[in-house]
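[1] Prediction below, plus the sequence it came from.
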Amino acid sequence: MEPILPGAMLGLLGGGQLGRMFVMAAHQMGYQVMVLDPDADSPAGRIAEQFLCKEYTDQTALQQLGTRCAAVTTEFENIPADVLSALASYSAVSPNAESVAIAQNRIAEKRFLQTHGFPVAPFAVIDKIDCVDEVKHLFPGILKVSQFGYDGKGQRQVSDADELHAAFVEMRSVPCVLEKKLPLKSEVSIVLTRGCDGAMASFPVVENQHVSGVLDISIAPARIATMIAKQANDAAESLAEILEYQGVLCVEFFVLEGEGLIINEIAPRPHNSGHYTVDACITSQFEQQLRALCGLPLGNAAMHHSAVMVNLLGDLWQKGEPEWLHVIKQPLAKLHLYGKKAARPGRKMGHFTVLGATVDEAFASAREIQQQLESV
Ligand code: ADP
Ligand code: MG
């Protein structure tokens, strides 16, 4: 494709914090952005040149986005795949609709991974109540809704047929995946970018720690054997090739006791576990998203510092605005707030990243700041 150069208007489906950071990267390089999001107070919509506060399926809004933007991307995987196909008739769209369709549906995702020989957790599709008897080998397991789950929402641990039955009914009998609960040694992810010419640049592997199903801390680089990191990177790159992917892709992995590697899920966009790249890498995941979208050469994805990223959830606001000076006073810490007004428990309000000469240094400092913020 002809490169899309600074000054152009770019379209973005979704106006959350990932979108906001994309808009910031685009602004830095002199691009303009038009955001589509049904939320009137969306973090990205508020800072974009143009904000269409409409449903993702609004045909007039899609036409406006498609005709006025040189290229359109997404920060949100639950965009109906036919919306991306419709947009593609007006303007360049990446990532492609097929990749988004796979990533937004756990059943399609698991089947796709299995078909192409990638290791996934033992699973079964649960889409009617009488499946329950055939899945005893998956207990104890985790029942996950196949669509619209995030941050551990839409999941229940189940240890026998009765619990599975009850959980399925509680999920309103929507199609689900039952996965065997695996003994995890750690969780890691890879964020990579694939350009329109097939060139790829992977960020270092990140280690992720979750609390109550929500990402709490990302540690970069991951404290895993070089062999495992290479295996994860090779898997992510071959996935991107198979999908003919253009854009930023995140692949989440489970590292099992005994070092086996399983693909958990994929996200067709920048990822929370890649936020450290903004402060610790030569090029951020959002700048890479822009470069891939615009058909530009990719930036260098190398890290210049080890880094630990800590999510700031709404729970922290229970006693009022947190004491930000705990973060700001550390010269190697970077505070990011998304400008969301309502601080609901579990809601991602911001994050901070602490740089360090070593991962251990960054980790110790990040934990100390986290404890200070929580102790007020
Ligand atoms: P989400 O879309 O909410 O991120 P995930 O499928 O990634 O959903 O699950 C959230 C977290 O739950 C994972 O990061 C992991 O900590 C835990 N988890 C999910 N599936 C399994 C499993 N099969 N075995 C063990 N832990 C799991
Ligand atoms: Mg996940």
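    On my side now, so go ahead. Ligands and ions are numbered 1, 2, ... in the order given.

[2] Just the CA trace of the helix or strand harbouring I369, in CSV.
    For I369, the host element (DSSP states H and E) is helix 359-375. The C-alpha trace of helix 359-375 is given here as CSV (Å, rounded to 0.1, in the frame of the first residue of the first chain):
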residue,chain,number,x,y,z
VAL,A,359,13.7,-6.4,36.6
ASP,A,360,14.3,-7.0,40.3
GLU,A,361,14.9,-3.3,40.9
ALA,A,362,11.8,-2.2,39.0
PHE,A,363,9.7,-4.9,40.6
ALA,A,364,10.7,-3.9,44.2
SER,A,365,10.1,-0.2,43.5
ALA,A,366,6.7,-0.9,41.8
ARG,A,367,5.5,-3.0,44.7
GLU,A,368,6.5,-0.3,47.2
ILE,A,369,4.6,2.3,45.3
GLN,A,370,1.6,0.0,45.0
GLN,A,371,1.6,-0.6,48.7
GLN,A,372,1.9,3.1,49.5
LEU,A,373,-1.1,3.9,47.2
GLU,A,374,-3.2,1.2,48.8
SER,A,375,-2.3,2.1,52.4
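
[3] can you list the residues that contact that helix?
    217, 219-221, 223, 305-310, 312, 316, 322-323, 326-327, 330, 332-333, 352, 354-356 (C-beta atoms under 8 Å, 6 or more residues apart in numbering). Glycine gets a C-beta too; all of them are placed from N, C-alpha and C.

[4] same thing but at 10 Å, please
    For helix 359-375, the surrounding residues in contact (C-beta atoms under 10 Å, 6 or more residues apart in numbering) are 207, 216-223, 276, 280, 305-312, 315-316, 322-330, 332-333, 335, 352-356, 358.

[5] Buried members of those residues into ChimeraX, please.
    A single ChimeraX command is used to select the members of the contacts of helix 359-375 judged buried by 16 or more other C-beta atoms under 10 Å:
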select :207,217,218,219,220,221,222,276,280,305,306,307,308,309,310,311,312,315,316,322,326,327,330,332,333,335,352,353,354,355,356
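
[6] Can you tell me which of the contacts of helix 359-375 end up in strands?
    In strands, judged by DSSP state E, the following of the contacts of helix 359-375 are found: 207, 216-220, 306-312, 333, 335, 352-356.

[7] Can you check what angle separates the helix holding I369 from strand 306-313?
    20 degrees (axes from the mean of the first three to the mean of the last three C-alpha atoms, to 10 degrees).
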